[in-house]
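1. Provided below for reference: sequence and predicted model.
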Amino acid sequence: MRVIVIGGGVVGTMHAWQAVERGHEVVQIEREAEARGASLRNFGQIWVSGRAGGAELDTALRARELWERIGERVPGLGFRAIGSLTPVRNAREYAVAEAAVARPDAAARGYELVTAAEAREINPALRGAFEAALWCERDAAVEPRTAQLHLREALKASGRYTFLPGREVREVTGPGAVRDDHGDVHRGDAVVLATGAWLSGLVRELAPDLPVRRVRLQMMQTEPLGEPLTTSVADADSFRYYPAYRSEALDALNAEQAQAPVAAAHKMQLLMVQRSDGGLTIGDTHEYEHPFAFDTLEEPYGHLTGVVESFLGRPLPKIRHRWAGVYAQCTDTTRVVHREQVRDGVWLVTGPGGRGMTCSPAIAETTANELGW
């Protein structure tokens, strides 16, 4: 079988991986010289802890298993089974963490409520003030800015993979066939459009009523911390945004403890991961209304800096990069992904939202199974 994958981000690359693993030939087409969208502009978290139960959690856990397997074969991914800690500072936040640990699927997530002293044993860099922490053993991380590069090198070694950058696919010319802006036609037994947040052009033509929206965020990265941050770190505002934490205790938190004004205005939470060079990737904000702003705003960065410094008990290293990113999210946020056959032999796979990096291996595996690869 010959598979044409359109899109060089993590969802597209994982579809290429699944096809090559199953013995097929793959041509992957990317409109940029390299992927430049949400697949690079994220935390690199394999984030099991906040996922909704049922199918979403099953997908995340399966993806976590696949990431670990792939990481053993592709060391350049930088796969690290680091887990995560969410420090809590008062009784209301503690109650939400306690309710999470009482969930029937808590063991599958690796949830444990730990004391502040125990949290500092797990992550000694957390020297700031907090009362306890929610520990999630199943969370992990990879290096988002280089993951696709290393995956492609491994794919090329198979002898059945070709990467074609700098080409934008413009037209479906027949079953399993597309034409790019160089005039070349690429024919296969299946075409997978994994174009991320690029929902205009050909995607709009093929799926004009696509139930997917775009979301914009702001993030930053620092100079090296100078010591290991041994886990991912979130703050209690993350409880407000992830479905795993829904409970009466969360309702009480929302009713009785308002977010800081800047955090509320920009729909913020803290997520933080250390990169392989020692720097910290920190975010994020959420913007849903189009048209998006073209600039980044300083107030959210100031808020995040304050939260991080309160957990670390020390000044944040110098900020080296700031950026904005856009990802695609199903308008029905209970859906992990939108998968649709848009023409004969052509499937569109998009809209995983903030779950793209986490769930992409399992999303691609499901596509491959459903298409009978």
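-> That came in fine, so what should we check first? Numbering: from 1, shown residues only.

2. Could I get the buried residue list for stretch 97-110?
-> By 16 or more other C-beta atoms under 10 Å, the buried positions in stretch 97-110 come out as 97-100, 103, 105-106, 109-110. For glycine as for every other residue, the C-beta is placed from the backbone atoms N, C-alpha and C.

3. err, stretch 112-132, not the other one
-> Neighbour counts over stretch 112-132 (16+ other C-beta under 10 Å) mark 112-114, 116, 119-120, 122-123, 125-126, 128, 130, 132 as buried.

4. From the opening residue of that stretch to its closing one, how far?
-> 11 Å (C-alpha to C-alpha, to the nearest Å).

5. Next: stretch 307-321.
-> Taking C-alpha to C-alpha as the measure, stretch 307-321 stretches 18 Å from start to finish.

6. what sits up against that stretch?
-> 87, 125-130, 220-226, 233, 235, 270, 272, 279-280, 282, 301, 305 (C-beta atoms under 8 Å, 6 or more residues apart in numbering).

7. Give me the buried subset of those residues.
-> 87, 125-126, 128, 130, 220-222, 225, 233, 235, 270, 272, 279-280, 282, 301, 305.

8. I'd like to know which of the buried residues of stretch 112-132 is nearest to Cys359.
-> Glu112 (23.3 Å; C-beta to C-beta).

9. Just to be sure, the closest one is in a helix?
-> No: counting by DSSP: H, G, I helix; E, B strand; the rest coil, Glu112 falls outside a helix, being strand.

10. and the closest residue to Leu270 other than its chain neighbours, how far is that from Ala133?
-> Closest residue to Leu270 apart from its sequence neighbours, by C-beta to C-beta, 6 or more residues apart in numbering: Asp235 at 3.9 Å. With distances taken as C-beta to C-beta, to the nearest Å, Asp235 is found 11 Å from Ala133.

11. My read is that Gly325 contacts Asn42, right?
-> Yes: Gly325 sits in contact with Asn42 when judged by C-beta atoms under 8 Å, with a separation of 7.0 Å.

12. Counting neighbours, go ahead and name the busier of these two.
-> More crowded of Gly325 and Asn42, by other C-beta atoms under 10 Å: Asn42, with 26 against 19.

13. Pretty sure the more buried one sits against Pro144.
-> Yes: counting by C-beta under 8 Å, Asn42 does reach Pro144; the two are 5.1 Å apart.

14. what residues are shared contacts of the two?
-> Here Asn42 and Pro144 share the contacting residues Met357, scored by C-beta under 8 Å, 6+ apart.

15. Now for Asp235 and Ala133: what residues contact both?
-> With C-beta under 8 Å, 6+ apart, Asp235 and Ala133 have common neighbours 86-87.

16. follow-up on the earlier one: overlap of the contact sets of Gly325 and Asn42?
-> Counting by C-beta under 8 Å, 6+ apart, the residues touching both Gly325 and Asn42 are Met219.

17. Okay, now the unreliable bits of the chain?
-> Filtered on pLDDT under 70, the chain yields no residues whatsoever.

18. what ranges do the helices span in it?
-> Secondary structure of the chain by DSSP state H: the helices cover 10-21, 55-73, 91-101, 106-109, 116-122, 144-156, 202-206, 248-256, 261-265, 298-312, 356-371.

19. which residues touch Gly128?
-> Contacts for Gly128 were tallied using C-beta under 8 Å, 6+ apart; they are 87, 309-313.

20. out of those residues, which are buried?
-> Among those, the ones that count as buried by 16+ other C-beta under 10 Å are 87, 311-312.
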